[in-house]
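Peer 1: Need coordinates for the following:
(one chain, ligands or ions: 2)
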Amino acid sequence: MKNAPPFFPLNSSIDDNGHLRIGGLDAVALTKEFGTPLYVFDEDDIRERCREFKREFTGRYAATHIVFAGKACLTRAIAKIVASEGLGLDVVSGGELEIARSAGFPTDAIYFHGNNKSDAELEMALEYRVGRIVVDNSFELGRLETMAARRGVRADIMFRIKPGIDPHTHAKITTGNIDSKFGFGLDDASAAAAQAMKSKNLRLIGFHYHIGSQIFEIQPFLDAMKTTLEFMARMKRELGFITEELDTGGGYAIQYLSGVVPPTIGEYAEAIVNAFRDECRRLGLAMPKLSVEPGRATVARSAVALYSIGAIKDIPGIRRYACVDGGMADNIRPALYCSQYEPYLANRMSDFAGQTYTIAGRFCESGDILATDIKLPEVKRGDILVMPVCGAYCIPMSSNYNAFYRPAMVMIKDGKARLIRRRETVEDLTRTDLG
Ligand SMILES: Cc1ncc(COP(=O)(O)O)c(C=O)c1O
Ligand SMILES: N[C@@H](CCCC[NH3+])C(=O)O
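Peer 2: Numbering: from 1, shown residues only. Ligands and ions are numbered 1, 2, ... in the order given. Modelled structure (predicted):
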């Protein structure tokens with residue numbers, strides 16, 4: 001047995017036949033049992049990430065609440081794991097809320113986000129008494145107030161604000177800038193806070209920001225924190241409003257490629273909590289409760305995607321393509337963000353990777369490329385390609401493009417594989433098609 005590369009799931013290894021093993025199970029055998037494309041998750045990896053966030057943040061500031069951003073990958077099995085680790089949950093739709101509820105996730109630990117929540121979703125949030133409704137704009141504030149008054153309830157709310165910080169990540173996953181569809185500008189948030197403080201049916205708990213995703217630099221987190229704490233000091237000065245909770249969003253980067261290593265969770269936590277403490281002291285603010293909302297960093301590394309190699313196409317002097325039986329419909333990230341992955345052959349992990357291939361998906365788009373000019377051993381039809389770090393934002397962003405069946409998901413725990421989401425079938429595709 002040898003170790004798998006560091007960005008494979010926690011319990012991964014390479015056996016004497018050169019096969020990838022996850023939680024002791026042969027990944028190639030799993031593809032025979034469940035077919036391909038197949039997403040294989042390691043439950044221990046998810047649990048360890050939840051514990052790492054708790055350890056690193058609450059160890060430095062006890063009043064920190066770790067909230068899993070469900071958009072990264074929410075199934076009932078994952079919701080149950082996260083709940084049992086004592087994390088909260090960020091949802092952005094009625095659908096995510098229903099999945100969480102049906103998994104028994106405590107609704108008072110749920111934060112309901114979204115920049116354009118429907119009336120039905122706001123009603124659901126009130127009905128299920130979610131812990132926090134994170135109000136994005138003044139339209140939502142007015143509607144929510146009316147709805148809460150009609151029901152005669154008092155809902156705990158936060159405001160999403162834009163601190164105007166550039167996190168130096170991909171433009172499509174940058175969210176805390178002023179020209180963003182998400183959140184209130186600071187002056188608008190101030191006016192909204194004054195309005196909320198008068199409300200009998202809404203209780204303003206504090207503020208939230210989320211500046212973007214896959215953020216390698218620590219400084220933008222600190223800049224956003226400083227701007228927001230200064231805003232909180234202004235709210236105290238101008239309105240007498242004392243913030244009970246500051247929700248700092250997610251955005252922690254993870255490793256996708258050899259040699260491209262982000263800070264550890266501990267390093268992020270150290271810098272963020274220190275800045276929080278120092279700035280609160282400087283501004284004369286009592287330290288509020290702190291929330292962090294990691295999505296990607298909680299689940300990305302826990303899963304690999306397994307594909308079968310089919311056609312191999314050599315265009316002499318130009319490029320060699322190896323085509324797999326999935327692609328952009330189950331992982332849109334390379335097409336959408338030019339995200340890079342480092343695939344291997346799950347059945348020949350120990351072979352020398354001396355050949356250059358471009359991994360093409362099977363969808364009817366030239367842009368359906370999962371990885372460009374990467375190194376693999378000489379590939380043959382039937383080999384199993386493994387893409388590590390596929391636990392976040394792959395399946396949740398998947399589609400039925402070209403009438404593709406979304407892949408199966410398997411969870412490994414204690415040496416056993418459990419199907420947590422079956423592969424779709426033609427019945428799934430035609431269920432909503434009324435002819
Ligand atoms: C409000 C909010 N919180 C948390 C997250 C999770 O982000 P990440 O997966 O980068 O940790 C997101 C998504 O970007 C988000 O919009
Ligand atoms: N979907 C993005 C992250 C955006 C998170 C949601 N705001 C990704 O795959 O990197």
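
Peer 1: from memory residue 288 sits against residue 247, does it?
Peer 2: No. With the criterion set as CB atoms under 8 Å, residue 288 and residue 247 do not qualify as a contacting pair; they are 9.8 Å apart. In this view, the C-beta of every residue, glycine as well, is placed from N, C-alpha and C.

Peer 1: Quick check: neighbours shared by those two?
Peer 2: Contact criterion CB atoms under 8 Å, 6 or more residues apart in numbering; residues bridging residue 288 and residue 247 by contacting each: residue 206.

Peer 1: So for the two, which residue has more residues nearby?
Peer 2: Taking residue 288 and residue 247 together and counting by other CB atoms under 10 Å, residue 247 has the greater number of neighbours (28 against 20).

Peer 1: Could you count how many residues lie near the residue of the stretch 301-435 of the chain at minimum distance from ligand 1?
Peer 2: The shortest separation between the stretch 301-435 of the chain and ligand 1 is 6.2 Å, found at residue 392 (distances taken as CB to the nearest ligand atom). Other residues within reach of residue 392, judged by other CB under 10 Å, total 26.

Peer 1: Can you point out the buried residues in the longest helix belonging to the chain?
Peer 2: Residue-count comparison of every helix in the chain, with assignments taken from DSSP state H, identifies helix 219-239 as the longest. Of the residues in helix 219-239, those with enough neighbours to count as buried (16 or more other CB atoms under 10 Å) are 220-236.

Peer 1: cool, stretch 89-104 as well?
Peer 2: For stretch 89-104, by 16+ other CB under 10 Å, it's 89, 90, 91, 92, 93, 94, 96, 97, 99, 100, 101, 103.

Peer 1: a strand runs through the first one, doesn't it?
Peer 2: Yes. Counting by DSSP: H, G, I helix; E, B strand; the rest coil, residue 89 falls inside a strand.

Peer 1: OK, contacts around the residue of the stretch 301-435 of the chain closest to ligand 1?
Peer 2: 72, 73, 254, 295, 296, 298, 299, 300.

Peer 1: Tell me, how many residues neighbour the residue of the chain found nearest ligand 2?
Peer 2: Closest approach between the chain and ligand 2, counting by CB to the nearest ligand atom: residue 393, at 3.1 Å. Neighbour count of residue 393, defined by other CB under 10 Å: 24.

Peer 1: Show me which residues of the stretch 251-400 of the chain are close to ligand 2?
Peer 2: 333, 337, 393 (CB under 6 Å from any ligand atom).

Peer 1: who are the neighbours in contact with the closest residue to the second one other than its chain neighbours?
Peer 2: Nearest residue to residue 337 in three dimensions, chain neighbours excluded: residue 170, at 4.9 Å (CB to CB, 6 or more residues apart in numbering). Contacts of residue 170 were listed using CB under 8 Å, 6+ apart, and they are 214, 337, 338.

Peer 1: and the gap between residue 170 and ligand 1?
Peer 2: Relative to ligand 1, residue 170 is positioned 11 Å away (criterion: CB to the nearest ligand atom, to the nearest Å).

Peer 1: biggest strand in the chain by residues?
Peer 2: Of all the segments assigned as strand in the chain under DSSP state E, the longest by residue count is strand 303-315.

Peer 1: Which neighbours in the sheet does it have, and how are they oriented?
Peer 2: Strands adjacent to strand 303-315 in the sheet, as given by DSSP bridges, are strand 38-42 (antiparallel), strand 319-324 (antiparallel), strand 384-387 (antiparallel).

Peer 1: Give me the average confidence score over that strand.
Peer 2: Confidence over strand 303-315, taken as the mean pLDDT, stands at 98.

Peer 1: all helices of the protein, in order?
Peer 2: Under DSSP H, the chain gives helices at 27-34, 43-58, 76-84, 94-102, 119-127, 138-151, 186-198, 219-239, 265-283, 296-299, 333-337, 426-430.

Peer 1: Highest mean neighbour count out of those helices?
Peer 2: Among those, ranked by average contacts under mean count of other CB atoms under 10 Å, first place goes to helix 296-299 (a mean of 28).
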